[in-house]
Each structure stands twice: as structure tokens, then as C-alpha cells.
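> I'll drop the sequence and a predicted model, then ask my questions.
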Amino acid sequence: MIVRRAVVHGRVQGVGFRAFVEDTAESLGLEGWVRNRRDGTVEAVFAGPEPPVTAALEACRAGPRHGHVDRIDVEDAGLELLSQRRPGERFSVLATA
């Protein structure tokens, strides 16, 4: 299992980006979470086998139809980030941070 943290920059709030990320992660069987950040970015954590994590990151580069992604900053992360999920959920949409 790998864990990647991504911060997505662009027009990514108010366009359904978090729902898009949640749907993508769930369809790929990934664990993690997504949230808006006060600086206008979206932050996401994906955990699972490398191919679906990579696929989720590529989907984020494209984004939903009404969004526009300028760039994505991706870094390796640790399993401890998964503890931010809501209890009992594989993938959570978290409150803005």
C-alpha cells in the first residue's frame, strides 16, 4: 500500500471537485479523504495499491467538467493521515481546513 497527499490548485472549489474526488476514489477502491482549504485549494489523501492511486491522481489533474486545474503538488505520506477520516468510512469528505 502507498499513501499520497495531493494539493490541487486552480478553480477547484465550488465546482464539485470534492464529490468528483470522492467518487473517483471509491470507484478505484481507495482509502483516504478530501477537503477544501481556506487558501482556495483542495487537499486529498489516497491510500491503496500504486496503480489505482496513480489513476486517482491523474483524474485529479483533469478534474470535473466545471473545474480547472493549474497544478497538483503530490508527496509521499504516511498511514497516520488516514486517522483523519470519519469513523467507519473508507473515504471521507472532511470540513474545510
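Now that the structure is in, tell me what you want to look at.
> which one is the spatially most central residue of the chain nearest to, not counting chain neighbours?
Note on the chain: the residue nearest the mean C-alpha position is residue 44, at 2.8 Å, using C-alpha atoms, centre = their mean. Nearest residue to residue 44, sequence neighbours excluded (C-beta to C-beta, 6 or more residues apart in numbering): residue 34, at 4.3 Å. Every residue, glycine included, has its C-beta placed from N, CA and C.
> now the helices for this structure?
All helices of the chain, identified by DSSP state H, fall at 17-27, 50-62.
> out of the ones you listed, deepest packed?
helix 17-27 (a mean of 19; mean count of other C-beta atoms under 10 Å).
> Give me the contact list for that one.
Applying C-beta atoms under 8 Å, 6 or more residues apart in numbering, the contact partners of helix 17-27 are 8, 31-32, 34-36, 42, 44, 46, 56, 59-60, 63-64, 67, 90-91, 93.
> what angle sits between it and helix 50-62?
160 degrees (axes from the mean of the first three to the mean of the last three C-alpha atoms, to 10 degrees).
> pLDDT averaged over stretch 23-39 - what is it?
For stretch 23-39, mean pLDDT rounds to 98.
> Endpoint to endpoint, it covers what distance?
Length of stretch 23-39, first residue to last, C-alpha to C-alpha, to the nearest Å: 23 Å.
> Give me the distance between it and the centre of its chain.
Centre-to-centre, stretch 23-39 and its host chain are 4 Å apart (C-alpha atoms, centre = their mean, to the nearest Å).
> when you give positions from now on, start the count at 35
Okay, using 35 as the starting number, the last item reads as stretch 57-73.
> Could you list the buried residues of that stretch?
Under the neighbour-count criterion of 16 or more other C-beta atoms under 10 Å, stretch 57-73 has 58, 59, 62, 64, 65, 66, 67, 68, 69, 70 buried.
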